[in-house]
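Engineer: predicted model follows, preceded by the sequence.
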Amino acid sequence: MTDYVFPPPAPASLAVHGSPARFAVHRIYCIALNYAAHDIEMGGSGRTPPSFFMKPADAVVAAGGPQPVDVPYPSVTQDLHHEVELVVAIGRGGSDIPLEQALDHVWGYAVGLDMTRRDLQAQAKQGGRPWCVAKGFDASAPVGPLTPAAQVRLDDAGIALSVNGQPRQASTLARMTWKVPEIIAQLSRAWALQPGDLIFTGTPEGVGPVQRGDLIEARIDGLVPLAARIV
Ligand code: MN
């Protein structure tokens, strides 16, 4: 048995719908600006080439039961934004995955929130600096329970988010610029995908700020909804 200088932490993990098993998280990849209307609201052209960033695996906040999961309001921001996203969970790794085989690598799907320090992201963009502090902070990736891929059809599923019951984001997965197979094929050229990887697939238009005490309810038709309380 390896003698570590301190005990390695347990992996971050997600709940699995209808099962006591947990899905151990390896890495979290995210694609930026993957819905035309959101790209435009962020000042883009409406068709930005696939652009990836990452969050640390332990940024996951795993939601489970019917109670909202607590998400702490992060430090050093005055403008925390919600972004509802389809999260793809990889069950089989690979490099240079062909488009037509990409979906064979998917284990399941969940609803996730790509929480964003929008003020720091704007400053980073303006200065041409990395986004890490804006996207990869602690507890920046709340994710609901995973549904196995075989149990759901998502092609044109609705995706929506409300804050305190007020609708903020509403669209359909059919409006993703780069679809799940394209994202997997592209990502796997730059990184070797591994079982346990999560991919946040981008958010539709309507992103906006949340405050402490707010209740975020996020849903994608066919998946377990996600409720999060900002605390
Ligand atoms: Mn996002």
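Structural biologist: Here it is on my side, so go on.
Engineer: alpha carbons only for contacts and neighbour counts from here, please
Structural biologist: Will do.
Engineer: is the residue in the chain that the ion sits nearest to part of a helix or strand, or is it coil?
Structural biologist: Closest to the ion within the chain is Gly202: 4.5 Å, counting by C-alpha to the ion. Secondary structure for Gly202, judged by DSSP: H, G, I helix; E, B strand; the rest coil, is coil.
Engineer: what is the neighbour count of it?
Structural biologist: Neighbourhood size, Gly202 [other C-alpha atoms under 10 Å]: 26.
Engineer: kindly provide the distance from the nearest residue to it once chain neighbours are set aside to Pro167.
Structural biologist: Closest residue to Gly202 apart from its sequence neighbours, by C-alpha to C-alpha, 6 or more residues apart in numbering: Asn34 at 5.0 Å. Separation of Asn34 from Pro167 (C-alpha to C-alpha, to the nearest Å) stands at 20 Å.
Engineer: close to the ion: what parts of the chain are there?
Structural biologist: Residues of the chain found near the ion (C-alpha under 5 Å from the ion) are 114, 202.
Engineer: from Arg175, how far off is the residue most central in space within the chain?
Structural biologist: Nearest to the geometric centre of the chain sits Phe200, at 3.4 Å (C-alpha atoms, centre = their mean). Using C-alpha to C-alpha, Phe200 is found at 15 Å from Arg175.
Engineer: give me every residue that touches the closest residue to Arg118 other than its chain neighbours.
Structural biologist: Nearest non-adjacent residue to Arg118, counting by C-alpha to C-alpha, 6+ apart: Asp79, 5.6 Å away. Contacts for Asp79 were tallied using C-alpha atoms under 8 Å, 6 or more residues apart in numbering; they are 117-119, 209-210.
Engineer: redo those residues as a markdown table? Include pLDDT and secondary structure.
Structural biologist: Below are the contacts of Asp79 laid out as a markdown table (pLDDT from 0 to 100; DSSP: H, G, I helix; E, B strand; the rest coil):
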| residue | pLDDT | secondary structure |
| --- | --- | --- |
| Arg117 | 98 | strand |
| Arg118 | 97 | helix |
| Asp119 | 97 | helix |
| Pro209 | 98 | strand |
| Val210 | 98 | coil |
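Engineer: of these - the most surrounded one?
Structural biologist: Arg117 (27 neighbours).
Engineer: which residues sit in contact with that one?
Structural biologist: 77-81, 133-135.
Engineer: swap in Tyr35?
Structural biologist: By C-alpha under 8 Å, 6+ apart, the residues touching Tyr35 are 46-47, 175-177, 202-205.
Engineer: ok, now Val87?
Structural biologist: Val87 neighbours (C-alpha under 8 Å, 6+ apart): 109-112, 143, 198-201.
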